[in-house]
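**Q** I'd like to go over a predicted model; first the sequence, then the structure.
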Amino acid sequence: MRQAKIQSIRNSLVGKMETLWSIADNTIMRMKNGDGKCADPFDQAALESNKFVELACRDRERQLILDIQETIMRIDRGLFGTCDSCGAVISEKRILIEPMCKLCTSCQEEHERCDKQRYRRGGIKGLYYDYAR
């Protein structure tokens with residue numbers, strides 16, 4: 001993959017990360033400045049439920065920020081586009097679809113196959129959802 005394209009991906013990831021940080025900051029400010037108390041118990045329950053959902057979303061975004069930071073480090077260290085498992089070059093098509101991928105297609109498929117088998121044996125609950133059920 002050409003260096004210009006890699007730099008473009010890096011810039012895109014930095015922009016996405018800055019957007020996520022901005023959303024997180026806005027959430028913190030809203031929750032700090034928010035009233036948090038309602039006279040009606042049903043309104044209070046709805047408020048608490050909304051906060052829970054919003055914090056769950058921010059937690060997923062926090063994990064995404066960590067993944068983005070790791071990918072930026074991989075770019076900076078020259079490891080971007082190399083499979084963590086087998087060391088093969090990850091296809092450009094795959095990288096453009098999912099820039100934060102760390103495994104080539106065949107290693108990712110093998111990883112998912114192993115997860116599926118462990119799930120079916122009961123070793124890991126909830127890791128793999130079997131759509132065939």
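**A** That came through fine.
**Q** against Met100, how distant is Asp86?
**A** Not quite, residue 86 is Cys, not Asp. Separation of Cys86 from Met100 (C-beta to C-beta, to the nearest Å): 18 Å. Placement of C-beta: from N, CA and C, glycine included.
**Q** ok, these two, which is more surrounded?
**A** Set side by side, Cys86 and Met100 show more neighbours around Met100, with 15 against 11, by other C-beta atoms under 10 Å.
**Q** on the pLDDT front, check the more buried one for me.
**A** pLDDT, Met100: 94.
**Q** which helix or which strand is home to it?
**A** Counting by DSSP states H and E, there is no helix or strand that carries Met100.
**Q** ok, it to Gly34 distance?
**A** Counting by C-beta to C-beta, the gap from Met100 to Gly34 is 33 Å.
**Q** in which helix or strand would I find the residue most central in space within the chain?
**A** Taking C-alpha atoms, centre = their mean, the centroid of the chain lies closest to Leu64, which sits 3.3 Å from it. Using DSSP H and E, Leu64 falls within helix 41-77.
**Q** output the contacting helices and strands for that helix.
**A** Helices and strands touching helix 41-77, by 3 or more C-beta pairs under 8 Å, 6 or more residues apart in numbering; DSSP states H and E, are helix 3-33.
**Q** could you pull up the mean pLDDT of the helix it packs on?
**A** Mean pLDDT, taken over the full extent of helix 3-33, equals 93.
**Q** tell me how far the residue of the chain most remote from its centre lies from Leu47.
**A** In the chain, the greatest distance from the average C-alpha position (C-alpha atoms, centre = their mean) is reached by Ala39, at 37.6 Å. Ala39 is 11 Å from Leu47, where distance means C-beta to C-beta.
**Q** quick one: Ser12 and Leu96 touch, right?
**A** No - with contact defined as C-beta atoms under 8 Å, Ser12 does not count as touching Leu96 (10.5 Å).
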